[in-house]
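S.K.: Provide a 3D model corresponding to the input given below.
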Amino acid sequence: MSALEEDGWITTTPSVGTFVNSVPEPVPKSKDLASAVAELQATVADLSARLDALEQQR
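M.R.: Here you go, the predicted structure:
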């Protein structure tokens, strides 16, 4: 318990009890990460194409 308190996860109040300061966010699943990476790749490709088009207009 002292390690959790030192890391800031819990707070102990005398005569009251121990409370969790924050709940850790769930770890994203690999499918979620893969879909996020695919979305980012598509966005980068789109931005690259738009930048190329703008540079050709000059």
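S.K.: scan the protein for its longest helix.
M.R.: helix 30-57 (DSSP state H).
S.K.: next one: it to chain centre, how far?
M.R.: 19 Å (C-alpha atoms, centre = their mean, to the nearest Å).
S.K.: residues in contact with stretch 31-43?
M.R.: Outside stretch 31-43, the residues within contact range by C-beta atoms under 8 Å, 6 or more residues apart in numbering are Pro28. The C-beta positions use only the backbone N, C-alpha and C, and glycine is treated the same way.
S.K.: sorry, slip of the keys, the one I care about is stretch 21-29.
M.R.: Contacts of stretch 21-29 (C-beta under 8 Å, 6+ apart): 8-11, 36.
S.K.: next: stretch 1-20.
M.R.: Stretch 1-20 is contacted from outside by 21-22, using C-beta under 8 Å, 6+ apart.
S.K.: and the two most separated of the contacts of stretch 21-29?
M.R.: Based on C-beta to C-beta, the longest span within these runs between Thr11 and Ala36 and measures 33.4 Å.
S.K.: is it fair to say Ser15 lies in a strand?
M.R.: No - counting by DSSP: H, G, I helix; E, B strand; the rest coil, Ser15 is not found in a strand; it is coil.
S.K.: before we move on, back to that, now pLDDT and distance to Met1 too, for the contacts of stretch 21-29, in CSV please.
M.R.: As requested, those are exported to CSV (pLDDT from 0 to 100; distance: C-beta to C-beta, whole Å):
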residue, pLDDT, distance to Met1
Gly8, 74, 13
Trp9, 75, 10
Ile10, 78, 7
Thr11, 82, 11
Ala36, 91, 35
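S.K.: which ones among these map onto strands?
M.R.: Judged by DSSP state E, the contacts of stretch 21-29 include 10-11 as members of strands.
S.K.: any chance of a ChimeraX selection covering the buried ones in the contacts of stretch 21-29?
M.R.: Of the contacts of stretch 21-29, the buried ones can be selected in ChimeraX as follows, counting by 16 or more other C-beta atoms under 10 Å:
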select :10
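S.K.: could you dump the contacts of stretch 21-29 to a markdown table with distance to Ser30?
M.R.: Converted to a markdown table, those look like this (distance: C-beta to C-beta, whole Å):
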| residue | distance to Ser30 |
| --- | --- |
| Gly8 | 29 |
| Trp9 | 26 |
| Ile10 | 30 |
| Thr11 | 34 |
| Ala36 | 10 |
